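Student: Generate coordinates for the sequence data below:
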Amino acid sequence: MSPNNSMAIYTLNYLVILWTIIDRTFISRKSTYLVTLFLFVTFLVAFLTDDLYTVINFYFLYLIEFLMMRYYLSNWLAPAMVLFLQYALTSFIRLITYYMPSFYVPTITMTTPVELTTMAVFQCLLLLIAAYLLKRADKKYGVLSSLREMPHTYLFPGLCIFTLFLILVTLHTYLYLYDRFYITLLLLMLLFSITLLIITYYTFKNKNYQQNSYLKALRLSMNEEKQNYELAREYRHDFRGILLGLKEYINAEDFIGAKEFLDQTIQDSDNYLQEYRFVQLASIKNAAIRGLLSDFVKRCDSREVYLELKIKDQGNPSPISQIDLVRSVSIVLNNAFEACLLEQDQYVYITLENTSAQWQLEVKNPSTTPISNTADLMMKNYSTKQNHNGLGLYNLKKITNKYANFFSMIHLEPDQFTIRLNIFK
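Tutor: The predicted model follows:
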């Protein structure tokens with residue numbers, strides 16, 4: 001098989017992995033289209049010409065894909081690991097379908113169009129099976145989701161692993177061109193071992209971090225439940241006395257006194273009627289979103305803003321960039337918090353739902369400021385708050401415009417502002 005035919009088949013294998021594993025898991029759909037176009041051009045150049053320098057296209061491809069994944073995942077380590085994974089998969093399939101058969105059976109040359117087509121189809125089918133098995137394993141062990149949600153950016157390890165990847169790819173290409181079978185075999189075994197070791201190490205490390213974060217939220221929820229239980233027991237003994245006192249006001253037809261007594265009772269009962277917010281937070285699977293909401297709870301408590309959470313999270317990953325998701329949620333929460341501080345009645349209601357069909361966040365806060373047109377809120381430098389730059393919702397609009405399945409909706413009532421984020425899967 002000529003080097004150019006080899007590159008053409010490798011391009012087809014790369015496309016299979018791109019659309020079955022990487023698309024909307026590690027890069028956006030728009031990026032997938034761009035990489036597909038680049039691969040298609042590379043395929044035509046490799047198949048129709050004898051220019052061995054087309055192999056350089058793949059180095060540009062690796063760099064472009066690395067930067068795309070870096071932007072989508074907001075860390076440097078996962079892109080390098082994914083490149084190792086996809087190259088290891090294609091190399092393993094090539095090893096068992098071409099390298100070993102052609103070495104041990106010299107009559108297998110893979111030079112005719114029928115042989116090349118048969119091998120290409122067979123390799124693509126094996127990659128489809130491998131992708132299916134990988135996704136089945138991911139549902140059980142959460143490897144891919146763990147790679148998506150790194151707790152740090154890992155700049156230095158990510159760049160080092162990416163450099164190592166380029167070195168091994170160059171060495172593999174050199175050995176293949178000069179037909180060094182046993183050395184190539186040893187190199188591929190080294191490549192598989194490094195891929196398995198890196199992914200295993202950082203997956204366990206990340207899972208450990210996720211577990212510790214989850215346990216921390218769980219401990220907070222248990223402490224909150226214990227505190228609420230103790231306060232409820234204490235309040236239970238006072239409940240009858242409060243009702244008897246209210247009854248005397250009503251019997252005496254002192255409705256003004258009854259209203260003041262009831263208002264005072266509600267104000268004093270705030271500590272007894274705390275919502276189980278940390279229990280809700282512990283159910284959020286995405287660590288970054290859980291951290292944002294945990295910090296938001298503390299901010300609301302520090303300013304005595306009433307916060308109500310309703311969380312229903314099935315753990316399905318979001319199909320958009322992790323950094324864009326975090327930015328969008330942060331913008332919505334900051335907007336609600338700053339708005340409610342200007343109102344006499346200060347509250348925030350948050351509903352988060354994550355299913356296999358969609359990811360949805362709804363945030364409500366008080367708003368008595370008259371707004372004639374909701375479209376104005378999305379304009380640059382527009383704000384209903386004093387001394388405010390008005391960039392939050394404008395930036396949110398820029399983020400949603402990047403995706404065909406990401407929408408933001410605003411609903412205005414005379415005394416309430418509601419914003420809803422929908423991401424369809």
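Student: can we go C-alpha only for contacts and neighbour counts from here?
Tutor: Noted.
Student: Counting by contacts, list what the helix or strand where residue 45 lies packs against.
Tutor: Remark: residue 45 resides in helix 29-48, with elements defined by DSSP states H and E. If contacts are counted by 3 or more C-alpha pairs under 8 Å, 6 or more residues apart in numbering; DSSP states H and E, helix 29-48 sits against helix 3-17, helix 55-73.
Student: so what's residue 191 scoring on pLDDT?
Tutor: pLDDT, residue 191: 79.
Student: Doesn't it belong to a helix?
Tutor: Yes. Per DSSP: H, G, I helix; E, B strand; the rest coil, residue 191 lies within a helix segment.
Student: tally of neighbours for residue 396?
Tutor: 22 (other C-alpha atoms under 10 Å).
Student: can you list the weak-confidence ranges in this protein?
Tutor: Applying pLDDT under 70 to the chain picks out residues 1-3, 46-54, 109, 141-149, 151, 181, 206-207, 209-242, 266-279, 371-392.
Student: Could you break it into its assigned domains?
Tutor: Domain ranges of the chain: 3-211, 276-424, per automatic domain parsing.
Student: Now tabulate the ones you listed in TSV and tack on distance to residue 265.
Tutor: What follows is these, written out as TSV (distance: least, C-alpha to C-alpha, whole Å):
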stretch	distance to residue 265
domain 3-211	41
domain 276-424	17
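Student: And those: which comes nearest residue 257?
Tutor: Closest to residue 257 of the domains of the chain is domain 276-424 (C-alpha to C-alpha; 22.6 Å).
Student: Centre of the chain to the closest one, how far?
Tutor: 17 Å (C-alpha atoms, centre = their mean, to the nearest Å).
Student: mind listing the helices for the protein?
Tutor: Applying DSSP state H to the chain gives helices spanning 3-17, 29-48, 55-73, 77-94, 100-104, 113-141, 143-148, 155-177, 181-251, 255-268, 277-282, 287-302, 322-340, 392-400.
Student: Tell me how far the fourth one lies from the chain's centre.
Tutor: Relative to the chain's own centre, helix 77-94 is displaced by 21 Å; criterion: C-alpha atoms, centre = their mean.
Student: And for the fifth one?
Tutor: A distance of 43 Å separates the C-alpha centroid of helix 100-104 from that of its chain, computed with C-alpha atoms, centre = their mean.
Student: hang on, the earlier thing: which of the helices and strands packed on helix 29-48 sits most buried?
Tutor: Highest mean neighbour count among the helices and strands packed on helix 29-48 (mean count of other C-alpha atoms under 10 Å): helix 3-17, with a mean of 20.
Student: Okay, angle between that one and helix 77-94 too, please.
Tutor: Angle of helix 3-17 versus helix 77-94, following axes from the mean of the first three to the mean of the last three C-alpha atoms, to 10 degrees, is 120 degrees.
Student: So what's the residue count around residue 248?
Tutor: Neighbours of residue 248 (other C-alpha under 10 Å): 12.
Student: With residue 257 as the reference, measure out to it.
Tutor: Separation of residue 248 from residue 257 (C-alpha to C-alpha, to the nearest Å): 10 Å.
Student: With respect to residue 417, which of the helices and strands packed on helix 29-48 lies nearest?
Tutor: Closest among these, using C-alpha to C-alpha: helix 55-73, at 30.4 Å.
Student: The closest one - contacts with which helices or strands?
Tutor: Helix 55-73 packs on helix 29-48, helix 77-94, helix 322-340, going by 3+ C-alpha pairs under 8 Å, 6+ apart.
Student: how near is the closest residue in space to residue 80 that isn't next to it in sequence to residue 87?
Tutor: Nearest residue to residue 80 in three dimensions, chain neighbours excluded: residue 162, at 4.9 Å (C-alpha to C-alpha, 6 or more residues apart in numbering). Residue 162 sits 12 Å away from residue 87, going by C-alpha to C-alpha.
Student: More neighbours: which of these two?
Tutor: Between residue 162 and residue 87, counted using other C-alpha under 10 Å, the more crowded position is residue 162 (24 against 21).
Student: Please produce TSV containing the helices and strands packed on helix 55-73, extended by distance to residue 264.
Tutor: Formatted as TSV, the helices and strands packed on helix 55-73 follow (distance: least, C-alpha to C-alpha, whole Å):
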stretch	distance to residue 264
helix 29-48	56
helix 77-94	55
helix 322-340	23
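Student: Go through these and pick out the most buried.
Tutor: Of the helices and strands packed on helix 55-73, helix 77-94 is the most buried (mean count of other C-alpha under 10 Å), at a mean of 22.
Student: Can you give the contact residues for that one?
Tutor: 10, 13-14, 17, 26, 62, 65-67, 69-70, 73, 123, 126-127, 147-148, 150, 153-155, 157-159, 161-162, 165, 188, 191-192, 195, 198-199 (C-alpha atoms under 8 Å, 6 or more residues apart in numbering).
Student: how about the CA coordinates for it, as PDB?
Tutor: Taking Å, rounded to 0.1, in the frame of the first residue of the first chain, the C-alpha atoms of helix 77-94 are listed here in PDB:
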ATOM      1  CA  LEU A  77      -4.900  18.300  29.400                       C
ATOM      2  CA  ALA A  78      -8.000  16.700  28.000                       C
ATOM      3  CA  PRO A  79      -7.300  17.700  24.300                       C
ATOM      4  CA  ALA A  80      -3.900  16.100  24.400                       C
ATOM      5  CA  MET A  81      -5.400  12.900  26.000                       C
ATOM      6  CA  VAL A  82      -8.100  12.800  23.400                       C
ATOM      7  CA  LEU A  83      -5.500  13.100  20.600                       C
ATOM      8  CA  PHE A  84      -3.600  10.200  22.100                       C
ATOM      9  CA  LEU A  85      -6.900   8.200  22.300                       C
ATOM     10  CA  GLN A  86      -8.000   8.700  18.700                       C
ATOM     11  CA  TYR A  87      -4.500   8.000  17.300                       C
ATOM     12  CA  ALA A  88      -4.200   4.900  19.500                       C
ATOM     13  CA  LEU A  89      -7.500   3.600  18.200                       C
ATOM     14  CA  THR A  90      -6.700   4.200  14.500                       C
ATOM     15  CA  SER A  91      -3.200   2.700  14.900                       C
ATOM     16  CA  PHE A  92      -4.600  -0.400  16.700                       C
ATOM     17  CA  ILE A  93      -7.100  -1.000  14.000                       C
ATOM     18  CA  ARG A  94      -4.400  -0.600  11.400                       C
END
